[in-house]
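[1] Sequence and predicted structure are below.
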Amino acid sequence: MSHFPKLLSSQIAYDVARTMLDGFDKHHRLFREVSVAAKARFEAGDWHGLQQLQRDRIAFYNERVQESVALLQEQYDAGHIDDAIWQQIKLHYIGLLTNHHQPELAETFFNSVCTRILHRSYFNNDFIFVRPAISTEYIENEESPVRPTYRAYYPGSREGMAACFERIVRNFELDLPFEDLPRDVGYLLKAIAEHAGDFRIAPNFQVHTLSSLFFRNKSAFIIGRILNGDQTWPMVIPVIHGASGRLVLDTVLLRAEQLLLLFSFAHAYFMVDMEIPSAYVTFLRDLLPRKSRAEIYTSLGLQKQGKNLFYRDFLHHLQHSSDRFISAPGIKGLVMLVFTLPSFPYVFKVIRDAFPAPKETTRALVESKYQLVKRHDRVGRMADTLEYSDVAFPLARFDEALVRELEQHAPSMVEYQRAKDGSEEIVVRHLYIERRMTPLNIWLQEGSDEQVDHGVREFGDAVKELIAANIFPGDMLYKNFGVTRHGRVVFYDYDEIEYLTDCNIRRVPAPRNEEEEMSGDVWYTVGPHDIFPETYRTFLLGDPRVRAAFLRHHPDFFDAAMWQHYKDRLQAGHVHDFFSYAQHDRFIHRYGGASTDDARRAA
């Protein structure tokens with residue numbers, strides 16, 4: 001160990017490490033402030049304010065990384081620091097994280113700053129965190145945080161459970177009265193009894209709830225678990241503003257599949273105040289064992305940590321698989337090249353260098369559309385994407401036809417290099433990664449009558465929920481939508497999306513004469529933002545089974561008035577209610593409980 005003091009002899013190395021950690025600490029402080037502000041916005045019913053917080057928070061990470069890079073360049077000429085000093089910087093940084101409450105996030109921040117300064121040939125164990133250096137286990141045991149990660153409650157008899165659940169809800173100290181909390185707790189206990197069936201309360205009956213509320217869209221979520229003997233159930237209680245303007249408990253979710261939908265990749269990230277994020281992730285993984293840590297970090301708004309863990313999982317998968325990357329099956333897109341690894345449940349999307357007619361777009365515009373989706377509330381209907389730069393793949397794992405396709409259609413995005421073991425790698429300079437789904441056009445072509453009926457109903461619901469959220473999908477061909485493993489239809493092709501409020505919704509004008517009526521060409525002018533819903537029949541209703549299902553479930557889809565209704569409400573400032581669970585699970589439908597204005601109209 002005699003070399004160790006020598007390794008840590010540089011004051012500059014310590015100062016650089018300290019500066020980088022200060023940058024991360026500022027980021028996490030601002031991140032938590034947003035989550036605290038979300039509570040006040042929810043209490044006030046300031047839905048536009050909540051949406052703005054969500055949009056602002058997305059940009060925080062890159063802003064802090066850029067600030068840190070600029071500071072390091074200005075004060076330490078970081079781009080010219082030699083290799084030995086960089087090794088010391090990393091060691092000092094590890095030392096500074098010893099008692100840190102977010103060490104895994106701070107390591108990822110360190111990597112983000114380094115990769116902006118260093119060439120990718122330096123991305124190795126000596127310079128960045130290829131694997132975690134600080135354990136996140138038992139952080140709470142080392143030093144008590146401001147508050148524990150979760151609270152434990154011990155209801156006594158059946159009669160005591162109502163009082164206990166009322167206390168659980170009131171302990172979150174929402175600054176708005178409840179419409180009728182005893183009534184809602186009664187519904188909640190009834191739902192638990194229906195779910196549990198004939199069960200006896202064991203001596204160790206407990207309820208655990210995470211200490212912070214989860215905010216998304218117009219809901220606050222109490223998330224926890226119920227323990228009874230050797231049984232454990234997840235428990236999520238959505239809290240919403242009722243039609244009276246007061247708070248109500250909307251339902252209770254007790255099944256794992258309900259939580260999978262709640263934490264789906266097609267939803268916006270939660271806003272939640274966490275002192276020790278890793279402890280929240282550990283708690284949630286107990287409830288969601290099918291979700292990876294990467295997915296859970298991402299759903300909590302810590303998407304950079306999610307990206308980091310996802311990439312580590314991907315490399316692990318590569319090492320333990322042998323299949324080859326191939327072009328994704330399905331209709332080829334005009335904007336993206338899409339490839340996949342059959343054994344890995346994701347697709348990789350690369351923007352083409354040139355776009356054939358009729359596409360009229362640019363790389364910058366396509367990238368801006370993906371950023372728009374990242375910032376927007378995806379309402380469970382738009383797939384989240386992971387964006388990466390300079391991703392190196394083993395060339396031997398690439399199908400030759402795929403390599404030719406990339407070289408032909410996206411040559412600026414591809415280069416080659418030698419790996420450390422001497423093997424050849426193909427480097428993709430920029431790509432998006434999305435969860436793989438069954439393309440809806442294939443689902444409708446190959447599905448049973450019941451599957452076609454389900455797919456069409458879901459498609460119409462998806463589009464209506466998107467336009468309610470002010471997203472006009474643009475290209476609504478079935479191939480641009482996918483079916484998830486839960487049977488949800490999700491949109492995933494973003495190069496033509498627009499805000500609905502920027503669109504002019506028009507009816508096709510009647511032909512003025514026989515010549516126009518018989519013409520196969522459009523006889524009326526079409527502006528760049530004009531949309532004509534009745535024309536969607538042409539490409540959506542070709543298949544007889546699809547047509548019958550569409551007209552049964554969504555007969556208003558081709559009526560411009562329906563689209564204009566959504567636009568009018570958006571322009572009036574209305575924020576639609578979106579629910580991450582089935583309508584029939586809500587107390588309003590199960591027991592005749594309280595409701596939002598939107599739900600009362602629907603009911």
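    Nice, thanks for sending it over. Keep in mind the model is a prediction, meaning the values are calculated, not measured.

[2] Using CSV, list the CA coordinates for the helix or strand residue 85 falls within.
    Element membership for residue 85 (DSSP states H and E) is helix 83-96. Below are the C-alpha coordinates for helix 83-96, written out as CSV (Å, rounded to 0.1, in the frame of the first residue of the first chain):
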residue,chain,number,x,y,z
ASP,A,83,-4.0,10.5,-16.8
ALA,A,84,-2.3,10.1,-13.4
ILE,A,85,-4.3,13.1,-12.0
TRP,A,86,-7.6,11.7,-13.4
GLN,A,87,-7.0,8.5,-11.5
GLN,A,88,-6.5,10.5,-8.4
ILE,A,89,-9.6,12.5,-9.0
LYS,A,90,-11.7,9.3,-9.1
LEU,A,91,-10.1,8.0,-5.9
HIS,A,92,-10.7,11.4,-4.1
TYR,A,93,-14.3,11.3,-5.3
ILE,A,94,-14.8,7.8,-3.9
GLY,A,95,-13.5,9.1,-0.6
LEU,A,96,-15.9,12.0,-0.6
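
[3] For the lengthiest helix in the chain, buried residues please.
    For the chain, the helix that runs over the most residues, judged by DSSP state H, is helix 11-44. Residues of helix 11-44 classed as buried by neighbour count (16 or more other CB atoms under 10 Å): 13-14, 16-17, 19-21, 23-24, 27-28, 31-32, 34-35, 37-39, 41-42. C-beta coordinates here come from the backbone N, C-alpha and C atoms, glycine included.

[4] for stretch 511-524, same thing?
    Neighbour-count burial for stretch 511-524 flags residue 523 (criterion: 16+ other CB under 10 Å).

[5] and that stretch, how far apart are its ends?
    End-to-end span of stretch 511-524 (CA to CA, to the nearest Å): 8 Å.

[6] thought residue 165 was touching residue 189?
    Yes - with contacts counted by CB atoms under 8 Å, residue 165 reaches residue 189, the gap being 6.9 Å.

[7] Please say which of those two ends up with more neighbours.
    The neighbour count for residue 165 versus residue 189, taken as other CB atoms under 10 Å, is higher for residue 165 (26 against 17).

[8] so what's residue 370 closest to, chain neighbours aside?
    Spatial nearest neighbour of residue 370, chain neighbours left out: residue 494 (5.6 Å); criterion: CB to CB, 6 or more residues apart in numbering.

[9] and the one you found, what element?
    Under the criterion of DSSP H and E, residue 494 resides outside all helices and strands.

[10] Bridge partners for residue 347, pull those for me.
    As for beta bridges, residue 347 partners with residue 340, residue 434 under DSSP bridges.

[11] ok, what's across the strand from the nearest residue to residue 403 once chain neighbours are set aside?
    Closest residue in space to residue 403, ignoring its immediate chain neighbours: residue 426 at 6.9 Å, by CB to CB, 6+ apart. Bridge pairing for residue 426 (DSSP bridges) gives the partners residue 393, residue 416.

[12] got it, and residue 389?
    Note on residue 389: beta-bridge partners residue 430, judged by DSSP bridges.

[13] so it makes contact with residue 430?
    Yes - with contact taken as CB under 8 Å, residue 389 and residue 430 are classed as touching, separated by 5.4 Å.

[14] Between those two, which has more neighbouring residues?
    Taking other CB under 10 Å, residue 389 and residue 430 do not tie; residue 430 has more neighbours (17 against 11).

[15] From residue 385, how far off is the more buried one?
    Between residue 430 and residue 385 the computed distance is 12 Å (CB to CB, to the nearest Å).

[16] And the strands in the stretch 101-250 of the chain?
    150-153, 206-210, 214-216, 219-228, 231-241, 247-249 (DSSP state E, counting those that start in this stretch).

[17] any idea of the mean pLDDT in the first one?
    What it means is strand 150-153. For strand 150-153, the mean pLDDT works out to 94.

[18] Could you list every helix and strand that it packs against?
    With contacts defined as 3 or more CB pairs under 8 Å, 6 or more residues apart in numbering; DSSP states H and E, strand 150-153 has these neighbours: helix 158-170, strand 206-210.

[19] again, 7 Å this time
    strand 206-210 (3 or more CB pairs under 7 Å, 6 or more residues apart in numbering; DSSP states H and E).

[20] and if you look at the last one?
    When contacts are defined as 3+ CB pairs under 7 Å, 6+ apart, strand 247-249 sits against helix 181-196, strand 231-241.

[21] Give me the distance from the last one to the chain's centre.
    Taking CA atoms, centre = their mean, to the nearest Å, one finds strand 231-241 lying 20 Å from the centre of the chain it belongs to.

[22] Okay, buried residues for it please.
    233, 234, 235, 236, 237, 238, 239, 240, 241.

[23] Just the buried positions in the helix or strand following the longest helix of the chain, please.
    Going down the chain from helix 11-44, the next helix or strand is helix 47-76, by DSSP H and E. Neighbour-count burial for helix 47-76 flags 47, 50-51, 53-54, 57-58, 60-61, 64-65, 68-69, 71-72, 76 (criterion: 16+ other CB under 10 Å).

[24] Over to stretch 284-294?
    Per 16+ other CB under 10 Å, stretch 284-294 contains these buried residues: 284, 287, 288, 291, 293, 294.

[25] Helices along the stretch 351-500 of the chain, start to end?
    If DSSP state H, counting those that start in this stretch is used as the criterion, the helices of the stretch 351-500 of the chain fall at 363-375, 400-409, 440-446, 449-468.

[26] Now render those as a markdown table, adding mean pLDDT, distance to residue 337 and mean neighbour count.
    Formatted as a markdown table, the helices of the stretch 351-500 of the chain follow (pLDDT from 0 to 100; distance: least, CB to CB, whole Å; neighbours: other CB atoms under 10 Å):
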| stretch | mean pLDDT | distance to residue 337 | mean neighbour count |
| --- | --- | --- | --- |
| helix 363-375 | 94 | 12 | 15 |
| helix 400-409 | 96 | 6 | 14 |
| helix 440-446 | 96 | 18 | 18 |
| helix 449-468 | 97 | 25 | 19 |
